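Peer 1: Here is my input; please provide its structure:
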Amino acid sequence: MNDEATTSTGEPALQVLTTRLAPEELAAVTAVVDSAVAEELAQLHDDVQIGPSAWERSQRSMRGPLQPGPSAWRGFSGNPR
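Peer 2: Have a look, this model is predicted:
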């Protein structure tokens, strides 16, 4: 069985270029890097939020019906009475 993780291109997923590394140290480095990558991927997926489009944000709700009667139009005229 091959203990070496590989990418889709067949290259090692993590390559260590030093020969003075104890197996415990390599395991610790691998765990930290793996955790950091997993955290970054989770954050990328969480940041994607689909909200209303610019078109939807610019829409106004329909106004209510106009009520005829005394003083009903006063707020729209430019002349105070």
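Peer 1: By average pLDDT, which secondary structure element in the protein comes out worst?
Peer 2: The least trusted helix or strand in the chain, going by mean pLDDT, DSSP states H and E, turns out to be helix 54-58, with a mean of 80.
Peer 1: For that one, name the packing helices and strands.
Peer 2: Using 3 or more CB pairs under 8 Å, 6 or more residues apart in numbering; DSSP states H and E, no helix or strand is in contact with helix 54-58. C-beta here means a position set from N, CA and C on the backbone, and glycine is covered the same way.
Peer 1: and that helix, C-alpha only, in PDB?
Peer 2: Taking Å, rounded to 0.1, in the frame of the first residue of the first chain, the C-alpha atoms of helix 54-58 are listed here in PDB:
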ATOM      1  CA  ALA A  54     -29.100  44.700  -8.400                       C
ATOM      2  CA  TRP A  55     -32.400  44.500 -10.300                       C
ATOM      3  CA  GLU A  56     -34.200  43.000  -7.300                       C
ATOM      4  CA  ARG A  57     -32.700  45.600  -4.900                       C
ATOM      5  CA  SER A  58     -33.800  48.500  -7.100                       C
END
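Peer 1: Where does pLDDT dip in the chain?
Peer 2: Scanning the chain for pLDDT under 70 picks out 1-7, 47-49, 73-81.
Peer 1: which stretches of it form helices?
Peer 2: 23-47, 54-58 (DSSP state H).
Peer 1: Single out the most deeply packed of the ones you listed.
Peer 2: helix 23-47 (a mean of 10; mean count of other CB atoms under 10 Å).
Peer 1: contacts for that helix?
Peer 2: Residues from elsewhere that reach helix 23-47 (CB atoms under 8 Å, 6 or more residues apart in numbering): Leu14, Val16, Leu21.
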